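Engineer: with the input below, show me the fold.
(one chain, ligands or ions: 1)
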Amino acid sequence: METDTDLAPAVESILEAARERPGGNEVVDVDARSLPDAVARAEADGRVPVIAEVKPTSPTANGTRDDDPVELAEAMVAGGATAISVLTEPSHFGGSAESLARIREAVDVPVLRKDFLLREAQLDAVAADLLLLIVRFLEPETLADLVAAARERGFQPLVEVHDRAELETALEAGAEIIGVNNRDLARLEVDLETFESVAPEVPDDVTLIAESGVSSPADVRRMRAAGADALLVGSAIMDHGAGDSDVTENTRRLVEAEDDET
Ligand SMILES: O=C(O)c1ccccc1NCC(=O)[C@H](O)[C@H](O)COP(=O)(O)O
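Structural biologist: Sure, this is the predicted structure:
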């Protein structure tokens, strides 16, 4: 892929580490828990579908949480999370494939492996229900190949876009679950208008996720009004600055955001 010269230094560094990361030793075969089914169950229960993210730290976090990742994930599910996203990138996000495997064993909701995957062998590092593929980092042909390779293994690929052109690439690659990332990977700023500008172009049969920058019940309602089937939320739930913040309560506050809509 041509060098992307417009990335934040932290993202450059994440990508450099991803290029070096080895793949798994054998091809994974997953019996995945369906995200669309989990979203439908949440809607039927009157819960906003929230994919809560276990993110010990990040380039933009104002601290690190050392809590046991399994306890964090269980607390998020107790707060009504529809699915769990796990950052498995070690050097910039404090995650690991081992944490994801332990979390998936402990909870019964779908688990997303949120990592920076660049080639097929990297899909096999650990079993998960969903895998992230980021359009910006992949040639269109590689993206289509990775979507197919992910499905062959039983994963549900979540394809991440940031603008309408990337959305077109994602759809051409056969994406059925699409995340619009409100975080701009050039400046690391979040702007919820990003989702609002892309969402109208997304076909109805796609499961559409608003990612990043959702920090309050009002943000949840805003993203849902713009067409989000689900929201992926990390920082507002992890609340890194307040080390012992209650992630169950933080999750519940967003899950119940449509209850007090008056
Ligand atoms: O979170 C970061 O600081 C970050 C920096 C550079 C690249 C990616 C980054 N985050 C990865 C994510 O996808 C987010 O953790 C996820 O969308 C949740 O975002 P938020 O709710 O804003 O924590």
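
Engineer: which bits of the stretch 151-262 of the chain sit near the ligand?
Structural biologist: The stretch 151-262 of the chain comes close to the ligand at residues 181, 183, 185, 188, 190, 211-214, 232-236, as judged by Cβ under 6 Å from any ligand atom. All C-beta atoms are positioned from the backbone trio N, CA, C, and that covers glycine.

Engineer: biggest separation within the residues you listed, which pair?
Structural biologist: By the measure Cβ to Cβ, 185 and 236 form the most distant pair in those, at 19.6 Å.

Engineer: strands along the stretch 151-262 of the chain, start to end?
Structural biologist: 156-161, 177-181, 207-211, 230-233 (DSSP state E, counting those that start in this stretch).

Engineer: could those go into a markdown table alongside mean neighbour count and mean pLDDT?
Structural biologist: As requested, the strands of the stretch 151-262 of the chain are arranged in a markdown table below (neighbours: other Cβ atoms under 10 Å; pLDDT from 0 to 100):
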| stretch | mean neighbour count | mean pLDDT |
| --- | --- | --- |
| strand 156-161 | 25 | 98 |
| strand 177-181 | 26 | 98 |
| strand 207-211 | 26 | 98 |
| strand 230-233 | 27 | 98 |
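
Engineer: can I get these in JSON lines including distance to residue 134?
Structural biologist: JSON lines is the format used below for the strands of the stretch 151-262 of the chain (distance: least, Cβ to Cβ, whole Å):
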{"stretch": "strand 156-161", "distance to residue 134": "5"}
{"stretch": "strand 177-181", "distance to residue 134": "8"}
{"stretch": "strand 207-211", "distance to residue 134": "11"}
{"stretch": "strand 230-233", "distance to residue 134": "13"}
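
Engineer: quick one: which of the residues of the stretch 151-262 of the chain next to the ligand is nearest residue 255?
Structural biologist: Nearest to residue 255 among those, with distances taken as Cβ to Cβ, is residue 233, at 9.9 Å.

Engineer: give me the nearest residue to the closest one, chain neighbours excluded.
Structural biologist: Once flanking residues are discounted, residue 233 sits nearest to residue 214: 5.0 Å by Cβ to Cβ, 6 or more residues apart in numbering.

Engineer: measure how buried the one you found is and give me the count.
Structural biologist: With neighbours defined by other Cβ atoms under 10 Å, the count for residue 214 comes to 27.

Engineer: give me the distance between the two termini of stretch 78-97.
Structural biologist: Taking Cα to Cα, to the nearest Å as the measure, stretch 78-97 stretches 23 Å from start to finish.

Engineer: typo on my end, it should be stretch 101-117
Structural biologist: OK, stretch 101-117 end separation, Cα to Cα: 17 Å.
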